[in-house]
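Chemist: Coordinates only, no sequence provided:
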């Protein structure tokens, strides 16, 4: 999803609607973009929080398991490689296959909960890190990718897509 300009028009529209729904449930575009900017400004990667949360003035993101830095680096590496075949899992012959499969098995059960500080701003939203299509195909969840890995410019492009 971070290669937004290379997607088809219907994929762009799908991601636009998805992120727009998330933004609305978090209090609007402005609050949502401030959340993403706060995530990017964090000194270390927010997923590596030992408290399994990310707190900032306008809301929180919580998840139920500590994610270590080596897992975050593997996600970043595999995200770049997945664009070749649209599958997060590499080929079975790849030396990264077992590590990646273990990563997916570790993070798949985790639900990330995003909530605004004030209940009247919105109800928030939940998402998983991965969408498992079948035994051989796993895709990174677009919300997970947008919040933790895409550039702020790409997220703005997705939200402003017409």
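Modeler: Yep, that arrived. On a predicted model such as this, the values are computed, not experimentally measured, just so you know. Residues are numbered from 1 along each chain as shown.

Chemist: May I ask you to name the longest helix in the chain?
Modeler: For the chain, the longest helix by residue count, based on DSSP state H, is helix 9-26.

Chemist: Backbone dihedrals for residue 63, both of them.
Modeler: Backbone torsions of residue 63, given as degrees, to the nearest 10, read phi -150, psi 160.

Chemist: Residue 113 belongs to a helix?
Modeler: No - applying DSSP: H, G, I helix; E, B strand; the rest coil, one finds residue 113 to be strand, outside a helix.

Chemist: pLDDT wise, what is it at?
Modeler: pLDDT recorded at residue 113 is 96.

Chemist: Dig out what residue 137 forms beta bridges with.
Modeler: On the basis of DSSP bridges, residue 137 is bridged to residue 134.

Chemist: wait, it sits on residue 104?
Modeler: No - here residue 137 does not reach residue 104: they are 10.8 Å apart, not a contact under CB atoms under 8 Å. Every residue, glycine included, has its C-beta placed from N, CA and C.

Chemist: who touches both of these two?
Modeler: Residues within reach of residue 137 and of residue 104 at once, by CB atoms under 8 Å, 6 or more residues apart in numbering, are residue 89.

Chemist: residue farthest from the centroid of the protein?
Modeler: Relative to the mean C-alpha coordinate of the chain, counting by CA atoms, centre = their mean, the farthest residue is residue 93 (26.9 Å).

Chemist: show me where this protein has helices.
Modeler: In the chain, the helices defined using DSSP H lie at 9-26, 29-41, 69-82, 97-107, 142-148, 152-160.

Chemist: was I right about residue 132 contacting residue 138?
Modeler: Yes - Residue 132 lies in contact with residue 138 (CB under 8 Å); the separation is 5.0 Å.

Chemist: confidence score at residue 131?
Modeler: 89.

Chemist: No further questions, thank you.
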